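[1] Starting from these lines, generate the structure:
(one chain, ligands or ions: 2)
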Amino acid sequence: MKSNYLSRLANNVSPSPTLAVDAKAKALKAAGEDVCGFGAGEPDFDTPDFIKDACASALAEGKTKYAPAAGIPDLRKALADRYHQDGILPEANPAQVVISPGGKYSCYLAILATCGPGDEVIIPAPFWVSYPEMVKLAGAQPKIILAGDDQGFKVTAAQIEDALTPATKLIILNSPSNPTGCLYEKSEMEEIVELACKRDLLVMSDEIYEYLLYDGTTHYRPGSFSAEAADRVITVSGFSKTFSMTGWRLGILVANPEIAKAVASLQSQTTSNATTFSQYGALAAVQNWTSAMEAVNEMLIHFDRRRLMLLNGLNAIDGVSCLRSQGAFYLFPKIADLAMSSENFSNQLLEDKKVAVVSGHAFGADGYIRLSYATSDEIIEKGLSRLNAFCQEIS
Ligand code: PMP
Ligand code: GLU
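    Ligands and ions are numbered 1, 2, ... in the order given. Predicted structure coming up:
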């Protein structure tokens, strides 16, 4: 037997805890258990028919070959037009748009293209589980700044400024946020972008939940604030969450020409293009924006109802308190008053009551748990009643 099969890198990377909880819940379900799953960050709707039809036609037409590594030209062009309208591309230049196999890979390439050994990356916590691991995979150092519910889970420019060192290269922003659902105000974003410009930093703005908004709120794109912001901000998004296309694996990255070119080269040497016929489905969504947004608005009606149902139910449980989120499909209640670590809480909850949630610990915030309400009203009702019983038992 060889003594060291794995590289140092492979030895140090941990598996995605969100995917792990989801896999565990699915395995329990498959074994016949009555599980209430709040684990996965995955919309429970089907992809809109007109998008599936466009993909099926592409398959029938033989769009089954390699495509240019950075994406099919029509999709890059359609997205460049869209992002030009939205103000993050000064000109509708398709060379600044890269389509990747999933937003997760877009994030990773944004980090890999800009950060390496000796660089520090500011990550506001609670954070999406994969950011710190991606930074470490790039050989750079994550620098975590915590924002609790007392500050609406949003870091301030002053907090970031305090954490800067000469090695800081990149700030990661994610609004609406996974796991908290919080949304930055325009002025809060502006202060952070101004700081990035003043201190010669880059920003990666992960906007994958950009269209999942509630309470009449607006999402602001940091890359649209000024010409300098457009140059310094790498915007990441994707089709997974907006159009319920998680399995299609399509991410979007928009950056200045130098970064976009480097990202395209990295992709051409690692994955090549995102699946060709998937991209034709996405193209139908972007080219038929009115129909696409109608489909999203239909999903939002259900998400919003579930959000409020879950929010009210959580706040009615003794020992649990939850901020009203304004985006995505997550709630991030505080359970710290129940005097149990969030990891033990979520493990025991799954074991005793068959309710799957993700521990706040995975998002860099112990004392909280994450619940995804991308699930049915029935599951929410049943899950809340089990959660209530569990909290009573442990308090
Ligand atoms: N960013 C955030 C904040 C996410 O929650 C996710 C969810 N998986 C992604 C990026 C990547 O999504 P995907 O790879 O499915 O496009
Ligand atoms: N982003 C989703 C989540 O947070 C899917 C899982 C993952 O990719 O980590 O649950």
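[2] Could you check which residue of the stretch 1-150 of the chain lies nearest ligand 2?
    Gly41 (2.7 Å; C-beta to the nearest ligand atom). Every C-beta, even on glycine, is put in place using the N, C-alpha and C of the backbone.
[3] How many residues are close by that residue?
    Counted with other C-beta atoms under 10 Å, residues neighbouring Gly41 total 23.
[4] can you give me the strands in the protein?
    With DSSP state E, the ranges of strands along the chain come out as 36-37, 97-100, 120-125, 141-146, 168-174, 202-206, 233-238, 251-254, 330-331, 355-356, 358-359, 369-372.
[5] Within range of ligand 1, give me the residues from the stretch 151-300 of the chain.
    Asn174, Asn178, Asp206, Ile208, Gly238, Ser240, Thr246, Gly251 (C-beta under 6 Å from any ligand atom).
[6] Name only those of those residues that count as buried.
    Neighbour-count burial (16 or more other C-beta atoms under 10 Å) applied to these gives Asn174, Asn178, Asp206, Ile208, Gly238, Ser240, Thr246, Gly251.
[7] does stretch 157-177 come close to ligand 2?
    No. Stretch 157-177 does not reach ligand 2 (C-beta under 6 Å from any ligand atom); its nearest approach is 10.6 Å.
[8] Now that stretch: buried residues?
    Within stretch 157-177, the residues scored as buried using 16+ other C-beta under 10 Å are 157, 159-160, 163-164, 168-177.
[9] Could you tell me which residues make contact with Ser244?
    Pro43, Asp44, Phe45, Asp46, Thr47, Pro48, Met299 (C-beta atoms under 8 Å, 6 or more residues apart in numbering).
[10] mind redoing it with 7 Å?
    Counting by C-beta atoms under 7 Å, 6 or more residues apart in numbering, Ser244 makes contact with Pro43, Phe45, Asp46, Thr47, Met299.
[11] Please apply the same query to Val129.
    Here Val129 is in contact with Ser16, Pro17, Thr18, Ala362, Phe363 (C-beta under 7 Å, 6+ apart).
[12] Next, count neighbours for the residue nearest to Ala70 when sequence neighbours are not counted.
    Leaving out its chain neighbours, the residue that sits closest to Ala70 by C-beta to C-beta, 6 or more residues apart in numbering is Ala264, at 3.9 Å. The number of residues packed near Ala264 is 22, by other C-beta under 10 Å.
[13] Would you agree Ala264 is in contact with Ala69?
    Yes. Contact status for Ala264 versus Ala69: in contact at 5.9 Å, counting by C-beta atoms under 7 Å.
[14] From Pro333, how far off is Ala95?
    From Ala95 across to Pro333, the span is 44 Å (C-beta to C-beta, to the nearest Å).
[15] These two: who's more crowded?
    Pro333 (24 against 12).
[16] Need the per-residue pLDDT for the more buried one.
    Pro333 is assigned a predicted lDDT (pLDDT) of 98.
[17] Correct me if wrong: Pro126 contacts Phe332.
    Yes. Counting by C-beta under 7 Å, Pro126 does reach Phe332; the two are 6.4 Å apart.
[18] any shared contact partners between the two?
    Phe153, Pro179, Thr180, Tyr368.
[19] Of these, just the buried ones, ChimeraX syntax please.
    Buried members of the shared contacts of Pro126 and Phe332, defined by 16+ other C-beta under 10 Å, are picked up in ChimeraX with:
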select :153,179,180,368
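[20] of the shared contacts of Pro126 and Phe332, closest to ligand 1?
    Nearest to ligand 1 among those, with distances taken as C-beta to the nearest ligand atom, is Pro179, at 8.2 Å.
[21] next one: phi and psi at the closest one?
    Backbone torsions for Pro179, taken as degrees, to the nearest 10, come to phi -110, psi 0.
[22] List the residues that contact it.
    Pro126, Tyr330, Phe332, Phe363, Arg370.
[23] Just the pLDDT for it.
    pLDDT for Pro179: 98.
[24] same question, Ala230
    97.
[25] From ligand 2, how far off is it?
    For Ala230, the distance to ligand 2 equals 27 Å [C-beta to the nearest ligand atom, to the nearest Å].
[26] For Ile208, give its distance to Phe332.
    17 Å.
[27] In the sheet, which residues pair with the closest residue to ligand 2 within the stretch 251-395 of the chain? Tell me.
    Closest residue of the stretch 251-395 of the chain to ligand 2, C-beta to the nearest ligand atom: Ser372 (6.4 Å). Taking DSSP bridges as the rule, Ser372 bridges to Tyr330.
[28] Confirm for me that Val355 is in contact with Leu387.
    Yes. With contact defined as C-beta under 7 Å, Val355 reaches Leu387; the gap is 5.9 Å.
[29] Surely Glu210 is in contact with Val236?
    No. Contact criterion C-beta under 7 Å: Glu210 and Val236 do not qualify, at 10.2 Å.
[30] Between those two, which has more neighbouring residues?
    The neighbour count for Glu210 versus Val236, taken as other C-beta under 10 Å, is higher for Val236 (27 against 21).
[31] Identify the residues contacting whichever residue of the stretch 101-250 of the chain sits closest to ligand 2.
    Proximity of the stretch 101-250 of the chain to ligand 2 (C-beta to the nearest ligand atom) peaks at Asn178, 5.2 Å away. Residues near Asn178 by C-beta under 7 Å, 6+ apart: Gly41, Trp128, Tyr209, Ala328, Tyr330.
[32] of all the residues in the stretch 251-395 of the chain, which ones are close to ligand 2?
    So the stretch 251-395 of the chain never meets ligand 2 (C-beta under 6 Å from any ligand atom).
[33] Show me where the stretch 251-395 of the chain dips below the pLDDT cut-off.
    Nowhere does the stretch 251-395 of the chain drop to pLDDT under 70.
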